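**Q** Sequence first, predicted model second:
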Amino acid sequence: MKATASTIRNAARCQMLSHLLASEPIVGQTLEKVLNDVCSTLELDDLALRWPIQGTSQINLIVGPGKQESQKWESEVVGRLAGAKSSTEAFADPKNDHRLHIPLLFQGRRNGAISASRSETISEEDCIFLTVVAQCLGKHPLLLERVGASHDQFQVAQRLQDAAVVAGKIAHDFDNIFTGVVGFAEMAQSMLEPGSMPSQYVTEITSAGNRGIAFTQQLHQMSRSGMARPMPTNVGGVLAREETRLKKSAPTVRLQCAAASDLPAVLMDPAALQTVLSHLLDNAVEASPPNGVIRVSTALIELSDAEAREYYGGATAGPYVELRIADEGSGVRDDYRKRLFVEPFFTTKVRHRGLGLAIVFRILYAHRGGVRFESNSTRGSVFHVVLPLAAARTSEPGNVPSVRI
């Protein structure tokens, strides 16, 4: 029996879906090739995959035609994408009836879109097929590799809690070891001739021991960082103390702090907030070139559900004080991004052991705040920290966290 054109077309679509549903991509397959195959099978004029740029109304072109890296979409399009609950909520572009937008849902991120266009109207059958493609792409390893895998906040918190328990036990043991090494080294130093070779050796022993003590303090900090003791805290006061500290510890870097004087109090332990700021500011100092500038600013913002999902930590929809910490460094490499915050000992710095961003995550998760970052090799990195308002949280019964995670 001779196969009809419809049968051949459906067979091609079924084969394509089987490839998309495969747990492992076909050898040599790329995201570009996947979209080109879909475009060819449906006889579309073009097919593009776009994703929102954090904190803006820009939509970044990931795969597809076009010379521009990004474009500003109509607010109606962005709004409908953000509010979509399923890929079945496809809709026509308000400025082009022949262009169709299919929401691309991805756990833990804002919705993206597959945009298809054809000179003729896209049929209902083709629209259904595109929604299935969108659902498959939302879990496809090629897309996860391109935009970065999302992380389940609870799973990350649990993993870091397990690491914190181990860190606390190790810290107690090493405290005793390093305290003994430094103590006896200092006593030996007093018996040696200043400037002699033995004295220099003992000085090195003391220095190494002190570095070990500093590291065990970080382990203790990691262990305790999941405890939330929220209280109304003035952000400006904590920033002022950090500004004073940096002027002494990092005199070659300039700190420009533009904190609003009328910010409402946030519901955080002030010591925990200072720990968050110290880790992020120290990272910014290390990333900055000589005579670089670190800019810190504040704002009062309202997060939607979609925006809250962009943050690592425990942020949900609602009002927050936002802190922005921007440096002029070389940014964060793409292959490092997915490891930040979620791998407790991951670091790119010599003689460091990580922990800083893991501690930041645990503190903000416990206090229902959040953190996200943007990075560019030419403009450095910007970390956004959101802190829950004291007035907004304390007015809600049962909303004050007081447990250890």
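**A** Cool, got the structure.
**Q** Tell me the secondary structure of the nearest residue to Asp269 once chain neighbours are set aside, please.
**A** Counting by C-beta to C-beta, 6 or more residues apart in numbering, Asp269 lies nearest to Arg229, which is 4.4 Å off, once chain neighbours are set aside. For the C-beta atoms, the positions are set from N, CA and C on the backbone; glycine is no exception. Local secondary structure at Arg229 is given as coil here, using DSSP: H, G, I helix; E, B strand; the rest coil.
**Q** next one: Ser87
**A** Per three-state DSSP, the local secondary structure of Ser87 is coil.
**Q** And it, how far from Asp37?
**A** The span separating Ser87 from Asp37 equals 18 Å under the rule C-beta to C-beta, to the nearest Å.
**Q** ok, the two, which is more surrounded?
**A** More crowded of Ser87 and Asp37, by other C-beta atoms under 10 Å: Ser87, with 22 against 17.
**Q** Now for that one: which residues touch it?
**A** Taking C-beta atoms under 8 Å, 6 or more residues apart in numbering as the criterion, Ser87 is in contact with Ile102, Pro103, Leu104, Leu105, Thr131, Val132, Ala134, Gln135, Gly138.
**Q** Where does the closest residue to Ile205 other than its chain neighbours fall, secondary structure wise?
**A** For Ile205, the nearest residue in space outside its immediate sequence neighbours is Ala185; the separation is 4.6 Å by C-beta to C-beta, 6+ apart. Assessed by DSSP states H and E, Ala185 sits inside helix 153-189.
**Q** Going by neighbour count, which residues in that helix are buried?
**A** Using 16 or more other C-beta atoms under 10 Å as the test for burial, helix 153-189 gives 153, 156-157, 159-161, 163-164, 167, 170-171, 175, 178, 181-182, 185.
**Q** so what does that helix touch, helix or strand wise?
**A** Counting contacts by 3 or more C-beta pairs under 8 Å, 6 or more residues apart in numbering; DSSP states H and E, helix 153-189 is packed against helix 197-224, strand 312-313, helix 356-366.
**Q** centre of the chain versus it, how much separation?
**A** Going by C-alpha atoms, centre = their mean, to the nearest Å, the spacing between the C-alpha centre of helix 153-189 and its chain's C-alpha centre is 27 Å.
**Q** again, but for stretch 276-286
**A** Distance, centroid of stretch 276-286 to centroid of chain: 16 Å (C-alpha atoms, centre = their mean).
**Q** For it, C-alpha coordinates in CSV please.
**A** Presented in CSV, the C-alpha positions along stretch 276-286 are these (Å, rounded to 0.1, in the frame of the first residue of the first chain):
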residue,chain,number,x,y,z
VAL,A,276,26.2,37.1,54.3
LEU,A,277,27.6,40.5,53.3
SER,A,278,31.1,39.7,54.4
HIS,A,279,31.3,36.6,52.2
LEU,A,280,29.8,38.3,49.2
LEU,A,281,32.0,41.5,49.6
ASP,A,282,35.1,39.4,50.1
ASN,A,283,34.3,37.5,46.9
ALA,A,284,33.9,40.8,45.1
VAL,A,285,37.2,42.1,46.5
GLU,A,286,39.0,39.0,45.3
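**Q** Quick one: the helices in the stretch 201-350 of the chain, in order.
**A** Secondary structure of the stretch 201-350 of the chain (DSSP state H, counting those that start in this stretch): helices located at 235-249, 270-287, 305-308, 334-337.
**Q** Name the stretch among those helices that sits most buried.
**A** helix 270-287 (a mean of 21; mean count of other C-beta atoms under 10 Å).
**Q** helices or strands up against that one?
**A** Contacts defined by 3+ C-beta pairs under 8 Å, 6+ apart place helix 270-287 against helix 235-249, strand 293-303, strand 318-326, helix 356-366, strand 380-388.
**Q** Give me the angle between that helix and helix 356-366.
**A** 150 degrees (axes from the mean of the first three to the mean of the last three C-alpha atoms, to 10 degrees).
**Q** Specify the angle between helix 270-287 and strand 380-388 in degrees.
**A** Angle of helix 270-287 versus strand 380-388, following the same axes, to 10 degrees, is 170 degrees.
**Q** before we move on, back to that, ok, which of the helices and strands packed on helix 270-287 comes nearest Cys257?
**A** Closest to Cys257 of these is strand 293-303 (C-beta to C-beta; 4.6 Å).
**Q** And that closest one, what does it pack against?
**A** helix 235-249, strand 254-258, helix 270-287, strand 318-326.
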